[in-house]
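>>> Coordinates for the following, if possible.
(2 chains)
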Amino acid sequence: MIAEFSFDQFVFLLEAAQWTVLLSLLAFVVGGAAGFLVALMRTSHLQALRTLSAIYIQIVQGTPVLIILFLSFYGLAIYGFKLPPMVAATIAMTIYSSAYLGEIWRGCIEAVPVPQWEASTALAMTRWQQLRYVILPQAVRISLPPTVGFLVQIVKNTSIASIIGLVELTQAGKLVSNATFQPFLVFPIVAAIYFIFCYPLSRFSFALERKYHAHR
Amino acid sequence: MHYDFQFAFIFQHLDQLLVGALLTIRLSALSMVCGLAVGIFGAIVSIHGTRPARFAVTSYVELIRSTPFLVQLFIIFFGLPAAGIQVDANIAALVAMTVNLGAYSTEIVRAGMMAIHPSQIEAAHALAMTRGQIIRHVVLTPALEKVYPALASQFTLMMLASSVVSAISAEELTATANLLDAETFRSFEIYLVVMVMYILLALLFRLAFWLIGLVVFKRRRRLGVPRPRRM
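Okay, the predicted model is just below:
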């Protein structure tokens, strides 16, 4: 039986979009926390921590998100955890965003002028105090535009979770498309919903960049 | 919980995986060439085009950059047959990758062209160069040289993102892995090996871009690349 694309299907897409939003937020918050640690490790004065985090970033940035997703989906299953797709997707997206955010934020920390480190050393601040009171407040300001920009990447990449069967926006689109045989109608609607999330974010990122680099 | 990892069987299927990896390389390389061509064209239009043409390019770039690659792929693969055009999965994958990469390249190349100082163009005018000559020699070539690292990293990201074309069963590396997984049920080992293969591919691409950069942008070697400052 072929269903017509109706308001009900549209509501179904919007409901599924909630999972896209939830997954994006989880990936950003948990991945952001992990990414912050990665960034601190990358800029640490201990060589071992720098190397370790560099290897982590290289591995994650050299692997497609889909493969990370498969590994977390099947990998934890072999230890007897039968994970719902949402958990596997959250783990994979967290790993993905932690590596990218870690690398972005490393750049922001290193972009703070060296004299700031020297001056705070001269004030006998401990390394933690330097970070907390001098470096990070300036780095956070630099990091806002690229971080918001990366949020767009996170939202878009949550679509990959559809491949392991999580009914988020893309998978919902596929289900509706299979039921109605109107892919040329359904997928553009799905794309439009993503656009409504992503476009304002990327404009916001652009506006932030303009604001902070006004002197250029 | 005890689990025996078995990797030995994968080596019997390594040739299959290598064929898959080869298609990943071919898809990526082709989409890079086509995507860069789209990007250069789009960048020129978005700077020198008429108002409607500029609007069209901007819309294309923003639409592609704000929607997931997977959805673009579905529109092309499931949508085109509905519009009466039959496409093979590999071709659909290539088209989607080109469309996607074209948008990002447009934005990157445009940024490079905008960064050319106006005095360069004034100097070229003073030398009585034609508009075409100026665009080609004074604007485009140095612009491409300037944004080459950004283009290279975008291309590598595309190679990694190409794994999702397995969702429409194009026969690249990830799809081959899915196939092996369905035969052997050794998911974790297979995807672990495939992960290593992707990391090697990413390194290979980086090496290739470095070599291409050496050959194409000879001036770069003389100028030297500015080094990132260390703390």
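>>> Rounded mean pLDDT for stretch A:127-140, please.
For stretch A:127-140, mean pLDDT rounds to 94.
>>> Can you list the buried residues in it?
Across stretch A:127-140, burial judged by 16 or more other C-beta atoms under 10 Å in any protein chain shown covers A:130-131, A:134-136, A:139. Where you see a C-beta, it was placed from the backbone N, CA and C, and this is true even at glycine.
>>> Please save the CA atoms from that stretch in PDB.
Extracted in PDB, the C-alpha atoms of stretch A:127-140 (Å, rounded to 0.1, in the frame of the first residue of the first chain):
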ATOM      1  CA  ARG A 127      50.500  26.900  35.300                       C
ATOM      2  CA  TRP A 128      46.900  26.200  36.200                       C
ATOM      3  CA  GLN A 129      46.400  29.900  37.300                       C
ATOM      4  CA  GLN A 130      47.900  31.100  34.000                       C
ATOM      5  CA  LEU A 131      45.400  29.000  32.100                       C
ATOM      6  CA  ARG A 132      42.400  29.800  34.300                       C
ATOM      7  CA  TYR A 133      42.900  33.600  34.700                       C
ATOM      8  CA  VAL A 134      45.000  34.700  31.700                       C
ATOM      9  CA  ILE A 135      45.100  32.300  28.700                       C
ATOM     10  CA  LEU A 136      41.700  30.600  28.600                       C
ATOM     11  CA  PRO A 137      39.500  33.700  28.900                       C
ATOM     12  CA  GLN A 138      41.300  35.000  25.800                       C
ATOM     13  CA  ALA A 139      41.300  31.700  24.000                       C
ATOM     14  CA  VAL A 140      37.500  31.200  24.600                       C
END
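>>> thinking again about what came up before, format the buried residues of stretch A:127-140 as JSON lines; extra columns: distance to B:Glu122.
What follows is the buried residues of stretch A:127-140, written out as JSON lines (distance: C-beta to C-beta, whole Å):
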{"residue": "A:Gln130", "distance to B:Glu122": "47"}
{"residue": "A:Leu131", "distance to B:Glu122": "47"}
{"residue": "A:Val134", "distance to B:Glu122": "44"}
{"residue": "A:Ile135", "distance to B:Glu122": "42"}
{"residue": "A:Leu136", "distance to B:Glu122": "44"}
{"residue": "A:Ala139", "distance to B:Glu122": "39"}
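>>> what's the nearest residue to B:Ile199 if we skip its chain neighbours?
Excluding the flanking residues, the one nearest B:Ile199 by C-beta to C-beta, 6 or more residues apart in numbering or on different chains is A:Gly62, at 3.8 Å.
>>> and A:Leu14, how far is that from chain B?
A:Leu14 sits 16 Å away from chain B, going by C-beta to the nearest C-beta, to the nearest Å.
>>> which residues of the chain fall in helices?
Since you didn't name a chain, this refers to chain A. For chain A, applying DSSP state H gives helices covering A:7-42, A:47-61, A:65-75, A:85-111, A:114-122, A:127-129, A:136-157, A:169-180, A:183-212.
>>> Oops, wrong one, chain B.
Using DSSP H, helices in chain B cover B:8-12, B:14-48, B:51-65, B:69-74, B:80-82, B:89-114, B:118-126, B:131-133, B:141-161, B:173-184, B:187-216, B:218-223.
>>> Need the pLDDT of the residue lying closest to B:Asn90 once chain neighbours are set aside.
With sequence-adjacent residues excluded and distances taken as C-beta to C-beta, 6+ apart, B:Asn90 is closest to B:Ala170, at 4.8 Å. Note for B:Ala170: predicted pLDDT of 85.
>>> measure B:Ala170 to chain A for me?
13 Å.
>>> how far away is that residue from B:Ser31?
Distance, B:Ala170 to B:Ser31, by C-beta to C-beta, to the nearest Å: 12 Å.
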